[in-house]
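*Asks:* What follows is a predicted protein model with its sequence.
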Amino acid sequence: NQIKVFSPATVANVSCGYDAMGFALETLGDDMIFTKTDSKDVVISKIEGANLPYEANKNVAGVVALLMLKDSKANFGLDIQIFKNFKPGSGLGSSAASASGTAFAVNQLLGNKYSNLELTLFAMQGEVAACGSAIADNVAAALYGGFILVKNYEPLDIVSIPTPTNLVATIIHPQIEIKTEDARKVVPTQIDLKTAITQWSNVGGLISGLHSNDFDLIGRSLVDLVAEPNRKKLIPLFDDVKQSAIAAGALGAGISGSGPSIFALSKNLETAQKVETAMDAVYKNSGIDYSTYVSHIS
Ligand code: HSE
């Protein structure tokens with residue numbers, strides 16, 4: 001009657017794959033506790049670590065839970081406790097962690113009624129509540145784990161991509177909040193054919209590199225001509241962090257989701273830790289608060 005879940009932070013876009021790629025972090029995420037109740041209501045009884053609405057229909061977790069209980073004609077209600085270990089507006093899929101953790105947990109309490117694809121569709125409604133757009137890259141990464149490709153939106157088609165086991169992510173999270181809704185407004189709605197060709201070639205390169213453990217190809221493919229040039233101005237010291245990460249041995253680096261977090265990928269833990277030191281050195285005297293994380297992809 002009660003389930004406790006860990007719902008991972010996720011890195012969406014992964015440079016070239018705007019709205020189409022994402023991966024889940026092994027060691028960073030939210031903890032959530034779901035308890036069945038007799039009331040048929042959804043009550044958010046505890047939120048720690050962030051200032052989020054308690055009203056179920058305004059809270060991402062509440063929205064997803066209400067939808068699923070209604071769709072399944074469940075004969076129970078829910079009490080939800082949320083323990084956020086990373087901040088909303090970080091670019092690490094905070095709302096997606098709440099939405100996908102809820103979708104996963106409610107499905108367990110319903111006796112595994114829904115597929116992962118159906119859970120992704122429910123969780124995407126949480127993203128609509130959070131930022132106004134039904135984006136799948138963060139929620140699918142959290143629900144499927146590892147690296148995912150959103151192969152298609154309508155109908156939704158999610159593909160899991162194998163990942164080299166020793167691929168490690170380093171993240172720096174400057175503690176300024178960027179709302180996804182705002183960051184989406186600076187991304188162009190149209191791009192020219194030459195830009196599109198480069199972008200889809202990089203997506204192909206990244207997928208191929210992940211399949212074949214070709215770290216050099218992964219690095220050469222972590223290039224974004226669509227979102228990064230427009231969004232990086234929202235992120236203090238972005239170019240310096242990216243250059244320092246690559247100089248320290250990272251395969252590549254870019255904006256995590258809609259920012260402000262910056263991610264880098266490395267081919268082993270030792271390099272990822274050197275990259276963390278290099279990123280840290282850029283921000284150390286900036287006067288901006290920040291956190292850094294090193295995590296395997298899982
Ligand atoms: N793909 C989305 C974006 C991720 O970059 O806006 C944020 O949820």
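*Replies:* Structure received.
*Asks:* For the strand ranked longest in the chain, list every residue counted as buried.
*Replies:* If you go by DSSP state E, the chain has its longest strand at strand 21-37. Residues of strand 21-37 classed as buried: 21-26, 28-36 (neighbour count, 16 or more other C-beta atoms under 10 Å). C-betas here are computed from N, CA, C, even on glycine.
*Asks:* Now do whichever strand or helix holds Val5 and strand 21-37, the angle between them.
*Replies:* Secondary structure from DSSP states H and E places Val5 in strand 2-12. On the basis of axes from the mean of the first three to the mean of the last three C-alpha atoms, to 10 degrees, strand 2-12 is oriented at 160 degrees to strand 21-37.
*Asks:* sorry, back to before: restrict the helix or strand following the longest strand of the chain to CA atoms and write it as PDB.
*Replies:* Under the assignment DSSP H and E, the closest C-terminal helix or strand after strand 21-37 is strand 42-48. This file holds the C-alpha atoms of strand 42-48, laid out as PDB (Å, rounded to 0.1, in the frame of the first residue of the first chain):
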ATOM      1  CA  VAL A  42      -4.700  13.100  -4.200                       C
ATOM      2  CA  VAL A  43      -3.100  14.900  -1.300                       C
ATOM      3  CA  ILE A  44       0.500  16.200  -1.400                       C
ATOM      4  CA  SER A  45       1.300  16.000   2.300                       C
ATOM      5  CA  LYS A  46       5.000  16.900   2.300                       C
ATOM      6  CA  ILE A  47       7.500  18.700  -0.100                       C
ATOM      7  CA  GLU A  48      11.100  19.200   1.100                       C
END
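*Asks:* and strand 42-48, what other elements does it pack with?
*Replies:* Applying 3 or more C-beta pairs under 8 Å, 6 or more residues apart in numbering; DSSP states H and E, one finds that strand 42-48 makes contact with helix 60-71, strand 77-83.
*Asks:* right, so those: which one is the most enclosed?
*Replies:* Among those, helix 60-71 has the highest mean neighbour count (mean count of other C-beta atoms under 10 Å), at a mean of 23.
*Asks:* would you say Pro88 is within a strand?
*Replies:* No - counting by DSSP: H, G, I helix; E, B strand; the rest coil, Pro88 is not part of a strand but coil.
*Asks:* Ignoring the adjacent residues along the chain, who's closest to it?
*Replies:* Ser94 (4.3 Å; C-beta to C-beta, 6 or more residues apart in numbering).
*Asks:* How about Lys4?
*Replies:* Counting by C-beta to C-beta, 6+ apart, Lys4 lies nearest to Ile33, which is 4.9 Å off, once chain neighbours are set aside.
*Asks:* Show me which residues of the stretch 1-150 of the chain are close to the ligand?
*Replies:* Proximity of the stretch 1-150 of the chain to the ligand (C-beta under 6 Å from any ligand atom) is limited to residues Ala12, Asn13, Tyr18, Asp19, Ile135, Asp137, Asn138.
*Asks:* can I get these in CSV with secondary structure?
*Replies:* Formatted as CSV, these follow (three-state DSSP):
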residue, secondary structure
Ala12, strand
Asn13, coil
Tyr18, coil
Asp19, coil
Ile135, coil
Asp137, helix
Asn138, helix
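*Asks:* Which two of those have the greatest separation?
*Replies:* Distance extremes for those: the farthest pair is Tyr18 and Asn138 at 12.5 Å, using C-beta to C-beta.
*Asks:* So for these two, which sits in the more crowded spot?
*Replies:* Comparing Tyr18 with Asn138 by other C-beta atoms under 10 Å, the one with more neighbours is Asn138, at 36 against 23.
*Asks:* contacting residues for that one?
*Replies:* The neighbourhood of Asn138, defined by C-beta atoms under 8 Å, 6 or more residues apart in numbering, consists of Thr10, Ala12, Gly22, Gly93, Ser95, Ala96, Ala97, Ser100, Glu127, Gly257.
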